[in-house]
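sequence and predicted structure, then a few things I'm wondering about:
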Amino acid sequence: MSQVALRLPDSLHQYAKQLAAQDDASLNQFIVMAVAEKISALNTEAFFQERAQKSSIERGLAVLAKVRKVSPLAGD
């Protein structure tokens, strides 16, 4: 496991401590989860950008054209 020296503005540090306490977590756990969430969000964005580059409107419309034209069921 790595250690990182982190400089936070006092106001941000206090707010992070409060949120960590509300989440019943240590400040370290809170920061680790925040970094993990940010990494996940960026990876997800990159994944969808890559997928979008491989797509085409024509192929999407061809798939939608295969959908049967029926009325929705009650409750839909």
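Nice, thanks for sending it over.

hey, let's count contacts and neighbours off CA atoms from now on
Noted.

how close does the closest residue to A21 other than its chain neighbours sit to L19?
Closest residue to A21 apart from its sequence neighbours, by CA to CA, 6 or more residues apart in numbering: L27 at 7.8 Å. Distance, L27 to L19, using CA to CA, to the nearest Å: 9 Å.

ok, the two, which is more surrounded?
When L27 and L19 are compared for neighbours, L27 comes out ahead with 18 against 15, by other CA atoms under 10 Å.

what separation do you get for the residue most central in space within the chain and R68?
Among the residues of the chain, the one closest to the centroid is A41, at 3.6 Å (CA atoms, centre = their mean). To R68, A41 is 35 Å away according to CA to CA.

before we move on, what about K17?
54 Å.

so which of the two has more stuff around it?
Per other CA under 10 Å, whichever of K17 and R68 has more neighbours is K17, with 18 against 7.

element containing that one, please.
In the assignment (DSSP states H and E), K17 maps to helix 10-22.

please name every helix or strand in contact with that helix.
If you count contacts as 3 or more CA pairs under 8 Å, 6 or more residues apart in numbering; DSSP states H and E, helix 10-22 packs onto helix 27-53.

show the subsequent helix or strand relative to the helix it packs on.
Of the helices and strands lying after helix 27-53 in sequence (DSSP H and E), the nearest is helix 57-65.

how far does that next one sit from its chain's centre?
Mean-position distance between helix 57-65 and its chain equals 27 Å (CA atoms, centre = their mean, to the nearest Å).

can I get the CA coordinates of it in CSV?
Provided in CSV are the C-alpha atoms of helix 57-65 (Å, rounded to 0.1, in the frame of the first residue of the first chain):
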residue,chain,number,x,y,z
ILE,A,57,-26.5,5.8,-36.8
GLU,A,58,-27.4,3.5,-39.7
ARG,A,59,-26.7,0.4,-37.6
GLY,A,60,-28.7,1.8,-34.7
LEU,A,61,-31.6,2.5,-36.9
ALA,A,62,-31.4,-0.9,-38.4
VAL,A,63,-31.7,-2.5,-34.9
LEU,A,64,-34.7,-0.2,-34.0
ALA,A,65,-36.4,-1.2,-37.3
